[in-house]
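K.L.:
Below is the sequence, then the predicted model.
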2 protein chains.
Amino acid sequence: MLNAPHLVREETRLRVEDAIARIGYRPVKAAQALRTRRSYLIALGMQTPAEDRGEVLHVFLHDLTERSQQRGYRILLYTAGSDDAEIAAYDALLGEYDLDAFVLTGTHTGDRRTDWLLRHGVPFVTFGRPWGSTARHPWVDVDGASGVRAATSHLIGAGHRRIGFLGWPEGSGVGDDRRTGWEQACRAAGLPVTGLSRRMRNSLAEGRAECARLLDASPSPTAFVCVSDVIALGAWAELTARGLVPGTDVAVTGFDDSAAAAAAGLTSIAQPLADVAGACLDALQKLLVSSAGRPLPSDGVLLEPRLVLRASG
Amino acid sequence: MLNAPHLVREETRLRVEDAIARIGYRPVKAAQALRTRRSYLIALGMQTPAEDRGEVLHVFLHDLTERSQQRGYRILLYTAGSDDAEIAAYDALLGEYDLDAFVLTGTHTGDRRTDWLLRHGVPFVTFGRPWGSTARHPWVDVDGASGVRAATSHLIGAGHRRIGFLGWPEGSGVGDDRRTGWEQACRAAGLPVTGLSRRMRNSLAEGRAECARLLDASPSPTAFVCVSDVIALGAWAELTARGLVPGTDVAVTGFDDSAAAAAAGLTSIAQPLADVAGACLDALQKLLVSSAGRPLPSDGVLLEPRLVLRASG
DNA sequence: AGCGCTGCTTTGAACGTTAAAACCAGGGTG
DNA sequence: CACCCTGGTTTTAACGTTCAAAGCAGCGCT
């Protein structure tokens, strides 16, 4: 009756609904879960908080919980240090709770987690493309290349003709993706790219050092597009140390629109995290209605980031 | 049998345990929850991510999930914009899931949440003291005053005689607490405090501006103790803008040991978040064994933060 | 009148666990 | 020898749902 209100008489339905409202009846989830083998719980793994990634993840987590509870789902947390630890966690979780789905973050090349879940028929989405993997599963990601392209084009529009790129080491899918955005925009405008790009780990110090190296080159760049806010802030530090004013003398842009970027006045690229969360849930619900996980839609969603213009560029 | 292994014969016990291992039996939590009215679920509210607080909260959340799952508990998330929204969320959650307990963060003066939970007999701990409230409930907090006192004493030991304090507006329990640490350390060493303290919102820009104001005073401070990393970074920016090198010319310290502080080389005060998480769970378990929540231990735990020395002071 | 519809409504079993109650040998006691 | 312990094992009911199956009108048909 409660789950098929159409095949009952109007009057009875109203009578029941009235009673429900009067005594404040709420179905006990545990009993529902026991009977239906569905828990309306979505599990999300917290990777060990490293560097600046925490901030993005934190607001993603917030948006995801908010959106889930609007749709009647809840987020259950677990921790996972490594891929293998996470796989062990899946096993434990699936045995004890009857989780409806998993949301994975931080996909990377050679990701063992997706294969495992696929093989065991567990519904899941990833926030992040299946980098260099043939595994077909639903995913949601933000178009980093497009964001960086937009930032670069903006700088070109502002008159810059030599634009440097401070990026991450080769092999990180996200980093390479963002880098191509810069390269494409420069190429499209007929601007040089050779010798203008450096690769480094994600730290303020390295950002600063590599920025210095490019500034010391013969025709030095008049703008720096950076793969992350931390590196951009490093470049920023180098500029101010040389008495250059970011934004007027030399432009800098970052990525992720972190609190630090906002505080410093750094132009950055914001990920639409609430939309990512929404898209993840859409994908999951599509998976769950075609239950037993058979047809596997397997397509991904690529969302556009937003360029946030500030004083620095 | 499973829950009272002592009143069964050795041989039978082994036989059962062997069978459990052989077929990989795992109790289904939903059924346990249904029968025992306990879910081994702890709910935690995610407040809307503001400013820099997100980082601390994120690693707290990580540590809490890790520690909980070691003890057989899981963390369930919900969002809450305001106190009242959160109270509404309690109601909804308690009706549907049989949550074992709540962990609250961000306690503040006039906190309506604790009263509600107390009144409804729901077990909970807060990360944060009951600021200016008579409500008696278990809490865990970090001794901000002590941390700032340590930082200040360290600066005094390094020879500083005029130490400024950049703090938050009056009325914020946390901010006032940290401020007293600075005042105590100065007083104890016979150093001046009047005219050396400023209050501001938690932003880089304001930190910078107020730092400038103190630097322009007649005998200007040779060190700045700051209530947060953001404000400290603001002060840092002002110093470098004036050609002063933080740490050698003028010292600066922050609070929270954020990624930004580490990157910049800013001396800061780290909260022992893993210990906080552990203490929260200790408090909860104590509450839960004395079930029906009767005796109410109601005492708090105050943990010592750790001074992280870096180049800036 | 008896039969089989149709359209609702009521009943009952099942989900996997726990906790209490019932059971059952064997041994000591009156 | 009937009795009651005692230490251990097996049965059973219950938790709150859902879903299928059974029940039961009332109606039209033969």
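P.N.:
Alright, I've got the coordinates. Residues are numbered from 1 along each chain as shown, chains lettered A, B, ... in the order given.

K.L.:
any weak-confidence spans in chain A?
P.N.:
A:1-2, A:4-8, A:51-52, A:290-298 (pLDDT under 70).

K.L.:
at 80 instead, please
P.N.:
Low-confidence segments of chain A, defined by pLDDT under 80: A:1-13, A:15-16, A:50-53, A:289-298.

K.L.:
all helices of it, in order?
P.N.:
A:10-23, A:29-36, A:53-70, A:83-96, A:112-119, A:144-157, A:173-188, A:204-215, A:229-241, A:259-264, A:273-289 (DSSP state H).

K.L.:
Can you add mean neighbour count and distance to DNA strand D and give those helices back as TSV?
P.N.:
(Each C-beta comes from the backbone N, C-alpha and C, glycine too.) Shown next, in TSV, are the helices of chain A (neighbours: other CB atoms under 10 Å in any protein chain shown; distance: least, CB to the nearest atom of the strand, whole Å):
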stretch	mean neighbour count	distance to DNA strand D
helix A:10-23	11	10
helix A:29-36	18	3
helix A:53-70	22	18
helix A:83-96	16	16
helix A:112-119	17	25
helix A:144-157	22	42
helix A:173-188	20	41
helix A:204-215	20	53
helix A:229-241	26	46
helix A:259-264	24	43
helix A:273-289	20	13
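
K.L.:
Is it possible to get a markdown table of those helices that adds distance to B:Ala232?
P.N.:
Formatted as a markdown table, those follow (distance: least, CB to CB, whole Å):
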| stretch | distance to B:Ala232 |
| --- | --- |
| helix A:10-23 | 54 |
| helix A:29-36 | 45 |
| helix A:53-70 | 18 |
| helix A:83-96 | 35 |
| helix A:112-119 | 39 |
| helix A:144-157 | 29 |
| helix A:173-188 | 30 |
| helix A:204-215 | 15 |
| helix A:229-241 | 15 |
| helix A:259-264 | 12 |
| helix A:273-289 | 27 |
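
K.L.:
got those as CSV, with distance to DNA strand C columns?
P.N.:
Shown next, in CSV, are the helices of chain A (distance: least, CB to the nearest atom of the strand, whole Å):
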stretch, distance to DNA strand C
helix A:10-23, 3
helix A:29-36, 4
helix A:53-70, 24
helix A:83-96, 9
helix A:112-119, 22
helix A:144-157, 44
helix A:173-188, 40
helix A:204-215, 51
helix A:229-241, 47
helix A:259-264, 45
helix A:273-289, 20
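
K.L.:
can I assume A:Ile269 is in contact with A:Leu307?
P.N.:
Yes - with contact defined as CB atoms under 8 Å, A:Ile269 reaches A:Leu307; the gap is 5.8 Å.

K.L.:
sorry, back to before: of the helices of chain A, which is nearest B:Gly157?
P.N.:
The closest of the helices of chain A to B:Gly157 is helix A:204-215. By CB to CB, the value is 27.6 Å.

K.L.:
what angle separates that closest one from helix A:229-241?
P.N.:
Between helix A:204-215 and helix A:229-241, the angle comes out at 60 degrees (axes from the mean of the first three to the mean of the last three CA atoms, to 10 degrees).

K.L.:
Could you list every helix and strand in contact with helix A:204-215?
P.N.:
Helices and strands touching helix A:204-215, by 3 or more CB pairs under 8 Å, 6 or more residues apart in numbering or on different chains; DSSP states H and E, are strand A:163-167, strand A:197-199, strand A:223-226, helix A:229-241, helix B:259-264.

K.L.:
Next, format these as CSV and append distance to B:Asp111.
P.N.:
Listed next are those as CSV, based on distance: least, CB to CB, whole Å:
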stretch, distance to B:Asp111
strand A:163-167, 45
strand A:197-199, 48
strand A:223-226, 41
helix A:229-241, 33
helix B:259-264, 29
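
K.L.:
Out of those, which is closest to B:Ala33?
P.N.:
helix B:259-264 (38.3 Å).

K.L.:
Are the closest one and chain A in contact anywhere?
P.N.:
Yes - using CB under 8 Å from any CB of the partner chain, we find that helix B:259-264 touches chain A at B:Ala259, B:Ala260, B:Ala263, B:Ala264.

K.L.:
with the residues you listed in mind, which one is nearest to B:Ala235?
P.N.:
Out of those, the member with the shortest distance to B:Ala235 (by CB to CB) is B:Ala264, at 11.3 Å.

K.L.:
ok, that closest one touching A:Leu204?
P.N.:
Yes - taking contacts as CB under 8 Å, B:Ala264 lies within contact range of A:Leu204: 6.3 Å.

K.L.:
and the gap between the residue nearest to the spatial centre of chain A and B:Ser203?
P.N.:
With distances taken as CA atoms, centre = their mean, A:Phe127 lies nearest the centre of chain A, 5.2 Å away. Note on A:Phe127: its distance to B:Ser203, by CB to CB, to the nearest Å, is 30 Å.

K.L.:
What of A:Asp143?
P.N.:
From A:Asp143 to B:Ser203 the distance is 31 Å (CB to CB).

K.L.:
same question, A:Gly175
P.N.:
30 Å.
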